[in-house]
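Asks: sequence unknown, structure follows:
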């Protein structure tokens with residue numbers, strides 16, 4: 001299992017959370033700190049996408065295309081910069 005999920009681009013990524021509460025509850029002040037005054041709850045949830053319709057893979061493809069475009073722009077800028085500082089032939 002990868003950090004982004006099981007499938008390509010995190011298509012099957014699930015979210016798991018745990019929550020809890022501990023507190024005091026009583027009908028009178030002397031009972032507040034007795035063993036009967038302790039109240040608490042705990043719960044959890046698991047959320048996983050069932051069907052994304054290819055949305056995750058399309059987002060990944062778009063991100064890869066933007067990355068490739070940025071790399072090409074960077075390389076072109078470096079090429080132009082090197083041509084500008086190269087000595088001119090006489």
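Replies: Thanks, I have it. Note that the coordinates shown come from a computational prediction; the quantities given were computed from them, not determined experimentally.
Asks: if I read this right, residue 37 contacts residue 23, doesn't it?
Replies: No. Applying CB atoms under 8 Å, one finds residue 37 not in contact with residue 23, separated by 9.2 Å. The C-beta positions use only the backbone N, C-alpha and C, and glycine is treated the same way.
Asks: Those two: which has the busier surroundings?
Replies: It is residue 37, of residue 37 and residue 23, that has more neighbours when counted by other CB atoms under 10 Å, with 16 against 9.
Asks: and the residue nearest to that one when sequence neighbours are not counted, how many neighbours?
Replies: Spatial nearest neighbour of residue 37, excluding adjacent residues (CB to CB, 6 or more residues apart in numbering): residue 26 at 4.1 Å. When neighbours are counted by other CB under 10 Å, residue 26 registers 14.
Asks: Residue 56 too?
Replies: For residue 56, the neighbour count with other CB under 10 Å is 19.
Asks: Tell me where this structure has strands.
Replies: 15-24, 38-47 (DSSP state E).
Asks: Please render those as a markdown table that adds mean pLDDT and distance to residue 69 to the earlier fields.
Replies: A markdown table is the format used below for these (pLDDT from 0 to 100; distance: least, CB to CB, whole Å):
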| stretch | mean pLDDT | distance to residue 69 |
| --- | --- | --- |
| strand 15-24 | 81 | 31 |
| strand 38-47 | 78 | 33 |
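Asks: Quick check: which of those strands is nearest to residue 60?
Replies: Of all these, it is strand 15-24 that lies closest to residue 60, at 18.6 Å by CB to CB.
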